[in-house]
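Student: Let's see this in three dimensions:
(2 chains)
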Amino acid sequence: MKGQNISLRQARYHLSIYLFLLPCALFIGMFAYYPAVNGIYHSFFQWNGGDVDRFHGAQSYSKLFLADTEFWLAFKNALILGIANIFKMAPSIVTAVCLHRVRNARLQFVYRVAFVVPMVIPILVTTYLWKAIYDPSNGALNTILQSTGLMKALVWISSSAAHLSENFDPLGFFSWLGALFRAGENPAWLGTPSLAMLALILRDFPWVGTFGVLVYLAVLQSIPRDIYEAAEVDGAGWLSKFRYIELPMILRQVRIMMILVIMGSINDAGLVMAMFGIEGGPGGVVQVPALFMYREAFQNQNLGYACAIGVVMFAVILICTKLNDWLVKPGD
Amino acid sequence: MKHGTVVGVLLFAFFPLYMMLNISFKSNAQYYSNSVGVTLPLHTENWGRAWQIVHEYLPNSLLVSISSTLLGVVGALCGAYFFARLRMPGARILWALLVILLMMPTISNLVPLFVLLKNLNLLNTLTALILVGAATMQALSIFILRDFVANIPNDLFEAAEIDGASHFQQFWNIVVPLSGPIAGTIAVNGFLQSWNEFMLGLVVIRDTDLWTVTIGLLRLDGEYLKEWGTLMAGYCISSIPVIILFVFTMRLFIRGMTEGAVKG
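Tutor: Residues are numbered from 1 along each chain as shown, chains lettered A, B, ... in the order given. The predicted model follows:
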């Protein structure tokens, strides 16, 4: 913050500046803080939004921690998704590096504009597009797999894994793999419990989020020319340039994004709901915490319980943020 | 090789877009026989039908997104001025509160927010979406804008103060003109977020003619079982306003990026 004017006495002359706080204070106070506090309050009640408003102490919390394993499963899912999302940042990085290295400025401009175009499509639309791609009978994925013969390859991998799992099965991986694809049938990517998570992770292939590319590109562009030239003088090849110049800067960015990405997958209900419906997939297998809360609140009418869920989610986020600080600090 | 990678990635990135356009011209029969390739004749009536469905949602979306973005940017800019210009007593605590706000998952507020809106008689209105949208974009926007205002050279403010300018005059004549590009970027971001948002609307709005485009899409998905062509045309149409927005604000982004190109 700008170092100026801390004293109460001097503040008298600048009282009008408090007025500037008014609009945002109103907005945030009413629509963010009040609901938050209200939520904590109501988490100790049994509430259905209208007439039933009975105080019943920490019952919601005990139910959450002891009885509802579904909730913690949802967190596991969110963690898996979050980690997958982190790995999905890699293609953006690679593409950003390639873009950055393009010598011809005009061509680079054309590429950049081209990258903006797919970014423009609203998230829900891409979600539904991928839902269509995953459609078992007509979706592009199965059609392409079948016509290129990749389907046969996948089936072969599956059956070999099934055979292998009879003798050697670390962590049940091979039997999982073995059950994935069977000969002659079109896998229902969104309908099969074992495939659903995979489908969710694999969506948006090739995982080049154009926004990510542009951010990484900006990071790369900020590297001064001289470093490159110095490196070339020292005889650095293509790979060394990447490892020693570009990678550290990018990794800094990645470290900052890491926890944010995981937090994002905990908080978002819309994506999963749009793709799999409010149940969170076949057998609730891809459920995420936010979706669980949404369902409890608006389908099962357990508003008090949902508030408790919200509080727990907030607590988890706080822990994540602390972790993030701890991760980002050293080395920065 | 770098060109190969970039072009390859672009091809994959464009595939869903291609698919969307392609299928939007197919009849169901064409879709079932060949979903990936281009089939003739092109069924343009799909677009007509999609327009019928989507066109009543478009004004709602536009109203909500534009209003909440405007309110949000104004509120955030004022708030940023407060935090960046002078370190007033109490500002520290308020800033800490703001930072906590950044961490709050907005979704866990959904339940009490719903009841609050009910008590304010704002259920089933677009106003609710506008106000909450503006509130949601405050935290991050103030964060970013505060850095910006703090970077405006202090001499400008001091000179104005010496000339007897009030805080409002300083804000209006110094901060507002300079904040163009960055406020623009935040506005575009806020607009996109508001356009893409549907959770609150799903819960709050019951009149189907008040639905925004995004919520309407959700319903389309369940209901149109399954006119693929019309569905895809509907998706295209709901993407068009955003595309137009980008075409006009492209200069904002490209400028920020081409500057880098000249340097590197």
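Student: Please state the offset of the helix or strand encompassing B:Leu70 from the chain centre?
Tutor: If you go by DSSP states H and E, B:Leu70 is part of helix B:58-85. Here the centre of helix B:58-85 is set off from its chain's centre by 11 Å, with C-alpha atoms, centre = their mean, to the nearest Å.
Student: C-terminal to it, what's the next element?
Tutor: Next along from helix B:58-85, by DSSP H and E: helix B:91-103.
Student: Do stretch A:193-203 and chain B come into contact?
Tutor: No - figure legend: stretch A:193-203 not in contact with chain B (C-beta under 8 Å from any C-beta of the partner chain); closest approach 9.9 Å. Backbone N, C-alpha and C define where each C-beta goes, glycine included.
Student: If you count neighbours, what's buried in that stretch?
Tutor: A:Leu195, A:Ala196, A:Met197, A:Ala199, A:Leu200, A:Ile201, A:Leu202, A:Arg203 (16 or more other C-beta atoms under 10 Å in any protein chain shown).
Student: do stretch B:45-56 as well
Tutor: B:Asn46, B:Trp47, B:Arg49, B:Ala50, B:Ile53, B:Val54.
Student: is it fair to say the fourth one lies in a strand?
Tutor: No - when the secondary structure is assigned by DSSP: H, G, I helix; E, B strand; the rest coil, B:Ala50 falls in helix instead of a strand.
Student: so what's it up against?
Tutor: Contact partners of B:Ala50, counting by C-beta atoms under 8 Å, 6 or more residues apart in numbering or on different chains, are B:Ser24, B:Thr230, B:Leu231, B:Ala233, B:Gly234, B:Cys236, B:Ile237.
Student: So which residues of the chain form strands?
Tutor: Defaulting to chain A. All strands of chain A, identified by DSSP state E, fall at A:45-47, A:53-55.
Student: and among those strands, the most buried is which?
Tutor: strand A:45-47 (a mean of 21; mean count of other C-beta atoms under 10 Å in any protein chain shown).
Student: what's the nearest residue to B:Leu97 if we skip its chain neighbours?
Tutor: Nearest residue to B:Leu97, sequence neighbours excluded (C-beta to C-beta, 6 or more residues apart in numbering or on different chains): A:Tyr33, at 7.8 Å.
Student: isn't the one you found right up against B:Leu101?
Tutor: Yes - using C-beta atoms under 8 Å, A:Tyr33 is in contact with B:Leu101, at 7.4 Å.
Student: More neighbours: the two, which one.
Tutor: A direct count of neighbours by other C-beta atoms under 10 Å in any protein chain shown for A:Tyr33 and B:Leu101 places B:Leu101 higher, at 20 against 17.
Student: Tell me the pLDDT of the nearest residue to that one once chain neighbours are set aside.
Tutor: Computed as C-beta to C-beta, 6+ apart, the closest residue to B:Leu101 that is not its neighbour in sequence is B:Ala139, at 4.6 Å. Looking at B:Ala139, its pLDDT stands at 83.
Student: check contacts around B:Ala139.
Tutor: Contacts of B:Ala139 (C-beta under 8 Å, 6+ apart): A:Ile28, A:Ala32, B:Leu98, B:Leu101, B:Leu102.
Student: Contact partners for the second one?
Tutor: Residues counted as contacts of A:Ala32 (C-beta under 8 Å, 6+ apart) are B:Leu101, B:Met104, B:Thr106, B:Asn109, B:Ala135, B:Thr136, B:Gln138, B:Ala139.
Student: Dump these to TSV, plus secondary structure.
Tutor: Shown next, in TSV, are the contacts of A:Ala32 (three-state DSSP):
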residue	secondary structure
B:Leu101	helix
B:Met104	coil
B:Thr106	helix
B:Asn109	helix
B:Ala135	helix
B:Thr136	helix
B:Gln138	helix
B:Ala139	helix
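Student: Quick check, the residue in the stretch 1-150 of chain B closest to chain A?
Tutor: Nearest residue of the stretch 1-150 of chain B to chain A, counting by C-beta to the nearest C-beta: B:Ser108, 2.7 Å away.
Student: Validate this expectation: that residue resides in a helix.
Tutor: Yes - under three-state DSSP, B:Ser108 sits within a helix.
Student: and for stretch B:145-164, what are the contacting residues?
Tutor: With C-beta under 8 Å, 6+ apart, stretch B:145-164 has contacts from A:1-2, A:4, B:76-77, B:79-81, B:83-85, B:169-170, B:173-175, B:178-179, B:182-183, B:186.
Student: coming back round to it: now for the residue of the stretch 1-150 of chain B closest to chain A, how many residues are close by?
Tutor: For B:Ser108, using other C-beta under 10 Å, the count is 29.
Student: Likewise for the one 10 residues further on?
Tutor: Residues near B:Lys118, counting by other C-beta under 10 Å, number 15.
Student: separation between it and A:Cys307?
Tutor: Separation of B:Lys118 from A:Cys307 (C-beta to C-beta, to the nearest Å) stands at 15 Å.
Student: Please apply the same query to A:Pro23.
Tutor: In terms of C-beta to C-beta, A:Pro23 sits 28 Å off from A:Cys307.
Student: Same check on A:Leu202?
Tutor: On the measure of C-beta to C-beta, A:Leu202 and A:Cys307 end up 35 Å apart.
Student: and if you look at A:Ile83?
Tutor: Applying C-beta to C-beta, the value for A:Ile83 to A:Cys307 is 29 Å.
Student: More neighbours: which of these two?
Tutor: Using other C-beta under 10 Å as the criterion, A:Ile83 and A:Cys307 rank with A:Cys307 on top: 29 against 15.
Student: That one and B:Pro112 touch, don't they?
Tutor: Yes - counting by C-beta under 8 Å, B:Pro112 is a contact partner of A:Cys307 at 6.9 Å.
Student: Overlap in contacts, the two.
Tutor: Joint contacts of A:Cys307 and B:Pro112 (C-beta under 8 Å, 6+ apart) are A:Gly39, A:His42.
Student: domains of the chain?
Tutor: I went with chain A, as the question did not name one. According to automatic domain parsing, chain A comprises the domains A:18-60, A:67-134+A:189-328, A:141-185.
Student: Actually, chain B is the one I wanted.
Tutor: Taken from automatic domain parsing, chain B resolves into B:1-43, B:58-210.
Student: Highest mean neighbour count out of these?
Tutor: Each of those was scored by mean neighbour count; the highest is domain B:58-210, a mean of 19, by mean count of other C-beta under 10 Å.
Student: and it, how far from the chain's centre?
Tutor: Taking C-alpha atoms, centre = their mean, one finds domain B:58-210 lying 13 Å from the centre of the chain it belongs to.
Student: Might you report the residue contacts of A:Ile266?
Tutor: A:Phe75, A:Ala78, A:Gly82, A:Val288, A:Pro289, A:Ala290, A:Met313, A:Val316, A:Ile317, A:Cys320, B:Pro105.
Student: Give me the pLDDT for residue 28.
Tutor: Because you didn't say which chain, this covers chain A. pLDDT, read off for A:Ile28, is 88.
Student: ah, I was thinking of chain B
Tutor: Reported pLDDT for B:Asn28: 79.
Student: now swap in B:Trp195 and tell me
Tutor: If you check B:Trp195, the pLDDT there is 88.
Student: check contacts around it.
Tutor: A:Pro122, B:Ser61, B:Ser65, B:Thr212, B:Val213, B:Thr214, B:Pro241, B:Val242.
Student: Give me the phi and psi angles of the fifth one.
Tutor: Dihedral angles phi and psi of B:Val213 (degrees, to the nearest 10) take the values phi -60, psi -40.
Student: which residues does it contact?
Tutor: Taking C-beta under 8 Å, 6+ apart, we find B:Val213 in contact with B:Val54, B:Tyr57, B:Leu58, B:Asn60, B:Ser61, B:Trp195, B:Ser238, B:Pro241.
Student: Mind picking the two most distant members of those?
Tutor: B:Val54 and B:Trp195 (13.5 Å; C-beta to C-beta).
Student: Show the contacting residues for the residue of the stretch 1-150 of chain B closest to chain A.
Tutor: Counting by C-beta under 8 Å, 6+ apart, B:Ser108 has contacts A:Ala36, A:Gly39, A:Met293, A:Cys307, A:Ile309, A:Gly310, A:Val311, A:Met313, A:Phe314.
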